[in-house]
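Chemist: Let me see the structure of the following:
(chains A, B, C, D, E and F)
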Protein chains: 6
Amino acid sequence: MPKKVPRVVVFGELMLRLDAAGFNRFVQAENFTARYTGAEANVAVGLSRLGIPAAVVSRVPEHELGQACIDALRRYGVDTEFVLRGGERLGVLYVETGHSQRPSRIIYDRAHSAFSTLKPAEFHWPEILGSAGWLHLSGTAPALGAGPRAAQAAALRFARKHRVKVSYDCNYRSLLWSVAAARRVLPGLIEGIDLFLGTPHDAKTLFGIRGDPASCAQSLREKFSIRHVAFTLREGEHFNVNRLQCLLAGPDGVHQSREYEIHIVDRIGAGDAFAAGMIHSLINGRAGAEAVEFAAAACCLKQSIPGDFALVSAAEVEELAATGNSGRIRR
Amino acid sequence: MPKKVPRVVVFGELMLRLDAAGFNRFVQAENFTARYTGAEANVAVGLSRLGIPAAVVSRVPEHELGQACIDALRRYGVDTEFVLRGGERLGVLYVETGHSQRPSRIIYDRAHSAFSTLKPAEFHWPEILGSAGWLHLSGTAPALGAGPRAAQAAALRFARKHRVKVSYDCNYRSLLWSVAAARRVLPGLIEGIDLFLGTPHDAKTLFGIRGDPASCAQSLREKFSIRHVAFTLREGEHFNVNRLQCLLAGPDGVHQSREYEIHIVDRIGAGDAFAAGMIHSLINGRAGAEAVEFAAAACCLKQSIPGDFALVSAAEVEELAATGNSGRIRR
Amino acid sequence: MPKKVPRVVVFGELMLRLDAAGFNRFVQAENFTARYTGAEANVAVGLSRLGIPAAVVSRVPEHELGQACIDALRRYGVDTEFVLRGGERLGVLYVETGHSQRPSRIIYDRAHSAFSTLKPAEFHWPEILGSAGWLHLSGTAPALGAGPRAAQAAALRFARKHRVKVSYDCNYRSLLWSVAAARRVLPGLIEGIDLFLGTPHDAKTLFGIRGDPASCAQSLREKFSIRHVAFTLREGEHFNVNRLQCLLAGPDGVHQSREYEIHIVDRIGAGDAFAAGMIHSLINGRAGAEAVEFAAAACCLKQSIPGDFALVSAAEVEELAATGNSGRIRR
Amino acid sequence: MPKKVPRVVVFGELMLRLDAAGFNRFVQAENFTARYTGAEANVAVGLSRLGIPAAVVSRVPEHELGQACIDALRRYGVDTEFVLRGGERLGVLYVETGHSQRPSRIIYDRAHSAFSTLKPAEFHWPEILGSAGWLHLSGTAPALGAGPRAAQAAALRFARKHRVKVSYDCNYRSLLWSVAAARRVLPGLIEGIDLFLGTPHDAKTLFGIRGDPASCAQSLREKFSIRHVAFTLREGEHFNVNRLQCLLAGPDGVHQSREYEIHIVDRIGAGDAFAAGMIHSLINGRAGAEAVEFAAAACCLKQSIPGDFALVSAAEVEELAATGNSGRIRR
Amino acid sequence: MPKKVPRVVVFGELMLRLDAAGFNRFVQAENFTARYTGAEANVAVGLSRLGIPAAVVSRVPEHELGQACIDALRRYGVDTEFVLRGGERLGVLYVETGHSQRPSRIIYDRAHSAFSTLKPAEFHWPEILGSAGWLHLSGTAPALGAGPRAAQAAALRFARKHRVKVSYDCNYRSLLWSVAAARRVLPGLIEGIDLFLGTPHDAKTLFGIRGDPASCAQSLREKFSIRHVAFTLREGEHFNVNRLQCLLAGPDGVHQSREYEIHIVDRIGAGDAFAAGMIHSLINGRAGAEAVEFAAAACCLKQSIPGDFALVSAAEVEELAATGNSGRIRR
Amino acid sequence: MPKKVPRVVVFGELMLRLDAAGFNRFVQAENFTARYTGAEANVAVGLSRLGIPAAVVSRVPEHELGQACIDALRRYGVDTEFVLRGGERLGVLYVETGHSQRPSRIIYDRAHSAFSTLKPAEFHWPEILGSAGWLHLSGTAPALGAGPRAAQAAALRFARKHRVKVSYDCNYRSLLWSVAAARRVLPGLIEGIDLFLGTPHDAKTLFGIRGDPASCAQSLREKFSIRHVAFTLREGEHFNVNRLQCLLAGPDGVHQSREYEIHIVDRIGAGDAFAAGMIHSLINGRAGAEAVEFAAAACCLKQSIPGDFALVSAAEVEELAATGNSGRIRR
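Modeler: Here you go, the predicted model:
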């Protein structure tokens, strides 16, 4: 290991995710599976399992559920030194898992959370980002309130000034803010970053860019001087089966991954696994087809795993990326 | 809400359904999931969730499992005032869920149940049906013995006389009575009703009507002066995947729904969901294509939900009926 | 049934209770058992199982978890007509069950709930209480905010004016409001009511009344012109074993129940079961020793049942109240 | 192994036992634990685990739940060659486990079972008992109907004639037959047997014998020319804690075991474990104090094990019988 | 039953199989499902359920997990008289179940097991195989060490000498031994046997035979004078869905079964079910197309059942073999 | 935090602990709860939760179960930098939980583990212990083989030389080595250490010291020049209830804690919790009565928590240590 791997820092909310057990509807559920999650934290866990040192910056309440967030991240090797303690409550994400023609339903209970009520001054970015090589952010933080928005902006300013690379996952959530609000805020955030992650639908609704996925990604690169734009393209008529293809537009053109038909165990966190795969590729100097195949394979594998975390090794991702095939039981 | 929604009354047996947990075979099962069910009661629950007031008329033992039947129906808003208490035992339905090429197996333990030993005089139909706009019955009740048969007949007589609309689900069960017995009894019951629910196979074996589904439904309408005949048409080579299409023959001709490929969570109660969807449509003045699409969507969605009850709202059914598509997670 | 049983109406918050499964600590929990609860609603369920018609007045969000609250109450026969829909979130009660020397821990996540943000004008007390014979309230509602406090006061005013009997459970919760605040508010609420429920400790800290339990109860009666004061007296060195004795001070003097040593399955809701038992006794014209034994037995039995609800019949309570003994398996 | 151990044959009903999971009441239960049981079969399993060859004679339906009965017995080494197949249904025993002051509740659903509708001629006792050294019966079989009563009588006649030793467990169940009926039938069955198992309460109500346990046991021996009478003496104020002492009256006088305070996991099958321990002792030539301590220890240990079967080795029983103490973890 | 069915004896290791619950990865698993398994024992259980008497010969430790192996086999009717007790430990097979593109992972912890350290002289083949009509072996035993290899060779010698028919499942496991080692050992073992079970891939890598499956099977028959060669042919891009076709080469030529698309519940034991189906067919005098369809249907049905055992009746297998179709729920 | 807390390093085996679910016996168990454990690692987790930085030094296999060990420790804040990867297998501890008079049973499957086959040279103690203030060891490591014994000795030598304080838990396990072997090895290891943890029974059998606990502890101190000797004294007739008292002999004499009657959830790890409490006290400058009460309270609380880890905060321990009482639910 001659080359030191740069450390990735993510900033975002941590939440309790409660899934109605089995395929029960909310009104039937007598048990909930508890997991701790957060779009940006999911990326950190994914990176850590792929071998990239990662740290989460966030804020959770003093109580034991706040502690459990920290424990969940530490378990998978993520640095939690900068997860602050304070605030009143932990945001909750209730999940009812869809199947066949029945869509999943999510009830957000995130308002007034420790993260959404953070004070930007609590985060000392020079200390936090001093040794970081990459900063990963997403579009949920600015949707959560003035505090997170200002803290994210401060982190971005520091990163730009000190040449920390930046990735930004669009992650537009209509339950958190309006399209109009997102259209005002997001352009200023993604200008000049190294990696933008989203979908052609985001490009159209939030940035007014139309066209087929490839040209749309290129337009987005040009319009905001972004180095790489990565899209996930999903289709599917059943909620438990999807077709997934990914796309990367970068300095060497546009590359598309193979298409996977995925039988889904848990689709939440798929985009975060894609982000982790893409950041892993770029940090390791991969580009183009190789990068997009790696990230697509990570995204694909995540969906076979319960919970939000992409608990896959780089070797596992590479094997799928290379062959598109699940192979056989090794025994 | 200017127009008052008519109340639907159903009459039928309530049972304990015990499912071998997971995909275990009966001989492996160390745990059974307990639910309370009944073909007609399932329709009542489905209607209640779709917004139609519904009441169940039945008979359960005095003991706590009898009480649990009542509680299960009340939970989802069904009126249980006319669920009488008495008799010795609650019928049991043991279910082993099939998968892939392995069919589901059901062990009926229904003989000597509180319902099958009811006394027809216990049910005072003028009081029960006085405020009802619709009466739903099915072909399991007359198969269960002289008492249920006579009580059902009395209910039918009252309904016909007082212009309460009547739906009748064929629900032929070979484990309960012979084809010959059903052929003697059923024709007298379905004469002149508003809605008959069944399959082309029922039409052929029980009423001697052949032909393609559409002409078969029309023949059935004509032969028995039935206003609407609704069929479910299923096909499939795997026990956990089915193709479903539905058909409605009425005064304005024959209409077929779109075809769904369904990845099944629990197929029991699908026909009851279809019945609930169809009754909901007719009560709300829908007909033809609109009615059959709504009922097909209800039938489809039910199969993604554990248990016999179609725990879906009218809005959810309408969204699927309109688009045929599961859409995306709302978040 | 010659004498019509008066209907009991309760007003209070409904919440989701999430218990860490097994004896796991919060930081270990991967599963939570979900139940719907509320101090006043628990009393309503207990009364309904004891044979007294009961209705809950509350406010829950529009979403499915709000619906699940309603379903949970209906299941056990409680009238939910006056559970309004609105507001942003459902309060959550996270429970870690103690054992031996380790105390239970509760994390309240109740702020900003649908109930705490209710508008008093939404509740039309003449309609709600018109047919009621008894109104049950508790000290949590005024602790939750100005809206609930005003709504509770309006209900009390109506009850006093129209001679609806009133019971009030002190239910002091230090996590919700300060002793000082409670001391300002509670005296005005309990003046002249028919039944006050609490502990000698409440009497001392909130109303400044000292002395042994019996004289303390009598002083409280006199100070606030309360007809009956009922206390639960608990002791115990292990969190899963308690000694319980109950006391009732009324017009005919002070009566104490036998003492139970209770091996606890779930202690939450014990006080609510006591309240239900006491209200049941008073409505049925029982007083003194008979009333306090019945209520103590209900309180005792509740603690052997998982969840907050006292799912016991009057016959079961009477058997224990009469003998103090669990008897044998009937078979 | 110089001395060949005689084979024990038992005759009795096999049932499905369904326990409401956890300490849930029946009306709360969404899951039932399934086990296969039967008073006499429990003795056979206990004997098999203690090292005595045992066979069950019974009748179960052709379906898979009948097969599961057989599988459950084979699993623990019991011979099932003479479990016949036939009849309509398997009897069911629903169990709600009591705790603290709340008693267990049992709902029997045994009527019309395969066993209760057996034809005595189906059982060829010369073939079945030809190689047997001991026959174990109980008082539930004659309570179940004319068929079982006649078959049991035929087995007894064969045993008496061919000097197969006989044990008979009183097992009086008020839900199955009246005291009056039992008083008519039982005396003829227990005359001259080698071992009677029951309680002083049985002796009083069924055979009119009063007095302290020791003299009562001796009177019973004399009145019916029984070689050994064994009693279990239980007391306890909590449903999950019992005090147990056992007593054996035989040719060498009356012996009482030590008293155990038992923290109960599952009390069903305790008497059957006692019977197995006693038969094991007598077959192995133990008598008096040694025999009753062994049987009491088996009865005690059974109650720490879920399910009806006494899955304990002779070494484990002997260790407890010798010391009265649970010892420590061996590691 | 005029013709007596020959008894099948199998020899092989018994293990504890621990599956990470749900689709959890090993690092997530907090619960493991425990089952007892072994390639050859699975065949014995399958045969027993199909109606053929079967016995397992093996060696397990003295402790309770060793006993549990025996109990698991007895439960399903297998003779365990020759499962010896001794050695230090039970081999463990940890299983992480794959899904979609994620392959299953197996961690073998089999070294130093009771079976791998057996002494060949402990097994007295004349006694064991004296009454046997068929001996089933597999390629895992010789891979486990010198002891098992010698014991298997001794069994084979006895069988050849006394005209006990022999089947041999290739079962090559790269985690147990190298291809080179297997190539040295296996040819000597399969020479002249009645049935060889494997895949074309085995034929190529272990015996150097190439070509399409049919010609490859015929070459294998000829090269080693084997009477029947049976292959399973699997394909599939998802780990939870496979296409399966089977092939049998025998004296009357090569026959292929229909192809199944299988939605997999548990794929482990599929090959053993195939072996059981094939042995069942040959013992019952079936050949060619009929035999291969029966075995393929057994293999297909097994994969819909949790655990390693093919818990299917001959009637169930025949129904699928005849129609290729899962039929409908019987009710 | 003016005074820097010294880092504690522990060295010992990590294992997979598999508990038969519920109170099932091994032969009944169909599910095992999986946890990762190790006597010394349990101390490290306990210290970490009490606020003392702790690191585990060990060796686990390369596979995912080895990784899961590391993850389990990291989750609770323990440093795992020096958990090496290598060797063939992870030791397994199968646990059957006792109850009432039935003792727990443990099956060790530890032979040939990654830890027992470690090479002492793999551990660079200057690097590992360079920054450590305390080294904790136990008597299981030298019992596991020559490698662990030598590595432990090397660690001890380094600690003695560089004035790292040393605690040693006797932890004698008769399943791992003989008393004779332990008597030869242990005296050399505990000479001159700062804290010895054990029982009076250890003192007698391993070091030949008799007398009442207090004098025995003092003799042990003197004989081996140990600064503190800490004993746990347990008694109890039920496996789920124990009486616990603890004792500390140090420079300021002998102090005994209060006695607790403990209703046990999980007794494994109680001694490790005691060790953690004692080390925490000594590091924080507590001595005598205060130290032994703190450690006894930690030991007591651990037994109310599932799993081996003492997941309690210093504040929780202090509250119990101060009052001996569990207090009440805080709400």
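Chemist: which residue sits closest to whatever residue of the stretch 51-200 of chain A ends up closest to chain E, ignoring its sequence neighbours?
Modeler: Scanning the stretch 51-200 of chain A for the residue nearest chain E gives residue A:76, at 7.9 Å (criterion: Cβ to the nearest Cβ). Every residue, glycine included, has its C-beta placed from N, CA and C. The spatially closest residue to residue A:76, leaving aside those adjacent along the chain, is residue A:45, at 4.8 Å (Cβ to Cβ, 6 or more residues apart in numbering or on different chains).
Chemist: next helix or strand past the helix or strand that contains that neighbour?
Modeler: With the criterion set as DSSP states H and E, the secondary-structure element containing residue A:45 is helix A:39-50. For helix A:39-50, the following helix or strand on the C-terminal side (DSSP H and E) is strand A:54-60.
Chemist: Would you mind checking the average pLDDT for the helix holding residue A:45?
Modeler: For helix A:39-50, mean pLDDT is 98.
Chemist: And it, what does it pack against?
Modeler: Applying 3 or more Cβ pairs under 8 Å, 6 or more residues apart in numbering or on different chains; DSSP states H and E, we find helix A:39-50 packed against strand A:7-11, strand A:54-60, helix A:64-75, strand A:132-138, strand A:165-169, helix A:270-283, helix A:288-302.
Chemist: What distance do you get for the residue nearest to residue A:76 to residue E:247?
Modeler: With the distance defined as Cβ to Cβ, to the nearest Å, residue A:45 ends up 46 Å from residue E:247.
Chemist: Those two - which one has more neighbours?
Modeler: residue A:45 (29 against 21; other Cβ atoms under 10 Å in any protein chain shown).
Chemist: who are the neighbours in contact with that one?
Modeler: Counting by Cβ atoms under 8 Å, 6 or more residues apart in numbering or on different chains, residue A:45 makes contact with A:54, A:73, A:76, A:77, A:78, A:276, A:309, A:310, A:311.
Chemist: Contact residues of the stretch 1-150 of chain A facing chain D?
Modeler: Remark: the part of the stretch 1-150 of chain A in contact with chain D comprises residue A:30, using Cβ under 8 Å from any Cβ of the partner chain.
Chemist: Could you pull out the strands in the stretch 151-300 of chain A for me?
Modeler: Defined through DSSP state E, counting those that start in this stretch, the strands belonging to the stretch 151-300 of chain A, from first to last, are A:165-169, A:195-198, A:228-238, A:241-250, A:253-256, A:260-263.
Chemist: Quick one, which of the ones you listed gets closest to chain F.
Modeler: Ranking the strands of the stretch 151-300 of chain A by distance to chain F, with Cβ to the nearest Cβ as the measure, places strand A:260-263 first at 22.3 Å.
Chemist: Mind giving me the packing neighbours of that closest one?
Modeler: Counting by 3+ Cβ pairs under 8 Å, 6+ apart, the packing neighbours recorded for strand A:260-263 are strand A:241-250, helix A:288-302, strand E:228-238.
Chemist: I'd like the average pLDDT over that strand.
Modeler: Strand A:260-263 carries an average pLDDT of 96.
Chemist: Report the strands that pair with it, each with its relative direction.
Modeler: Counting by DSSP bridges, the strands paired with strand A:260-263 are strand A:241-250 (antiparallel).
Chemist: So what's the model's average confidence on the partner strand?
Modeler: Here the mean pLDDT over strand A:241-250 is 96, rounded to a whole number.
Chemist: What residues of that strand count as buried?
Modeler: Within strand A:241-250, the residues that count as buried by 16 or more other Cβ atoms under 10 Å in any protein chain shown are A:241, A:242, A:244, A:245, A:246, A:247, A:248, A:249, A:250.
Chemist: can you give me the angle it makes with helix A:270-283?
Modeler: Taking axes from the mean of the first three to the mean of the last three Cα atoms, to 10 degrees, one finds that strand A:241-250 is oriented at 30 degrees with respect to helix A:270-283.
Chemist: Find the closest residue to chain B in the stretch 101-250 of chain A.
Modeler: Closest residue of the stretch 101-250 of chain A to chain B, Cβ to the nearest Cβ: residue A:102 (3.9 Å).
Chemist: what does the stretch 201-331 of chain A have sitting close to chain B?
Modeler: If contacts are counted using Cβ under 8 Å from any Cβ, the residues of the stretch 201-331 of chain A sitting beside chain B are A:237, A:238, A:239, A:240, A:241, A:267.
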